[in-house]
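*Asks:* Below: sequence and its predicted model.
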Amino acid sequence: MQRKAYVSGVAALLAALLAGCTGGSGDGGTTDDSNPGDAGTATAAAQPGKYDSLPEPCGAISQATLDSLLPGIKQMTDQDQREKAYAGEATLTYDTDRKVGCRWKVDSTDATDHLLVDLERVVSYDNAVSDETQAKELFAAKQEAADLPEPETSSSSGDEGGGASADPSASASASASASGSPSSSTSPSSLTTPSDLQPRVLTGLGDEAFLDDSLSGSGSTTEQRTVTVAFRTSNVIVTIQYEEQPATVGTVPDSKEMQDKARKLAAQLADTLAG
């Protein structure tokens, strides 16, 4: 009988100890399987981006806009070739919900024009970082890579910010008129690009935007101008690259005309996304 009483006493002691270690929430205790990362204490996940899909880029641009950007289309006499030119060519992509693009190339009697439209829907895989925040970071890196000149501190034209003195790659043609006809270049280095045509940050386009303008080739070769307009709206980044290479040596593509066309297309795509 004494041994039985002893065993019972030990069992009672162990039960009391266990009860103290596994106290319920009513007395402020914590259980052994409590997790500091439970829903009650975890930080709320970042919100997903505004956009969960992308438009089909080859069909997002009207024929009238393509006629303006690619004058050679209207010069085509073969109907099948013209329809193929309007259709463009989709860029290679493995996930059309995340990245899509389309390109066009058209020759005319005066020049060869290239157009590339690229749309990227940014998705963050970090629960603490929203899709839009991730898109902001990617766009900032894209703008930094463009190496835009510092805006002038003195008075500048418009509200978009001017540029510093022209660099050789972007100084060659802006004095041409906006009539649409290419200008003749006597010496690219002797021309100065007005500040309102310099590579610069843009306002009034998406949440943030910039424009780049560069000229390549000189002397005995034709000079190709490339105008890039990029903008971000929420978690989507859109990039437009518009290039023109004249058929005649010594002719410089008109900077203002090309910029105006590229910006007009960007505004149309921004409206398409907003709609």
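*Replies:* Perfect, I can see it now. Numbering: from 1, shown residues only.
*Asks:* Where do the helices of the stretch 151-275 of the chain begin and end?
*Replies:* Across the stretch 151-275 of the chain, reading from the start of the chain, the helices by DSSP state H, counting those that start in this stretch fall at 255-274.
*Asks:* and stretch 197-211, how far apart are its ends?
*Replies:* The first and last residues of stretch 197-211 sit 9 Å apart, counting by CA to CA, to the nearest Å.
*Asks:* what does stretch 117-137 give?
*Replies:* End-to-end span of stretch 117-137 (CA to CA): 21 Å.
*Asks:* Would you indicate which residues of it are buried?
*Replies:* Neighbour-count burial for stretch 117-137 flags 117-124, 130-136 (criterion: 16 or more other CB atoms under 10 Å). For every residue, glycine as well, the C-beta is placed using N, CA and C.
*Asks:* Go through those residues and flag which are in helices.
*Replies:* In this view, the buried residues of stretch 117-137 that belong to helices under DSSP state H are 131, 132, 133, 134, 135, 136.
*Asks:* So which of the residues you listed is the closest to residue 59?
*Replies:* Within those, proximity to residue 59 (CB to CB) peaks at residue 135, which comes in at 23.9 Å.
*Asks:* For the protein, which residues score under the pLDDT cut-off?
*Replies:* Within the chain, the stretches falling below the threshold (pLDDT under 70) are 1-44, 152-193, 218-220.
*Asks:* Out of the ones in helices among the buried residues of stretch 117-137, which comes closest to residue 110?
*Replies:* Sorting these by distance to residue 110 puts residue 135 at the head of the list, at 38.4 Å, by CB to CB.
*Asks:* if I look at the closest one, how far off is residue 266?
*Replies:* Computed as CB to CB, to the nearest Å, the residue 135 to residue 266 distance reads 17 Å.
*Asks:* For burial, what's the neighbour tally of the closest residue to residue 91 other than its chain neighbours?
*Replies:* With sequence-adjacent residues excluded and distances taken as CB to CB, 6 or more residues apart in numbering, residue 91 is closest to residue 101, at 3.6 Å. Here the count is done by other CB atoms under 10 Å, and residue 101 has 20 residues near it.
*Asks:* who's residue 101 bridged to?
*Replies:* Going by DSSP bridges, residue 101 is paired in beta bridges with residue 118.
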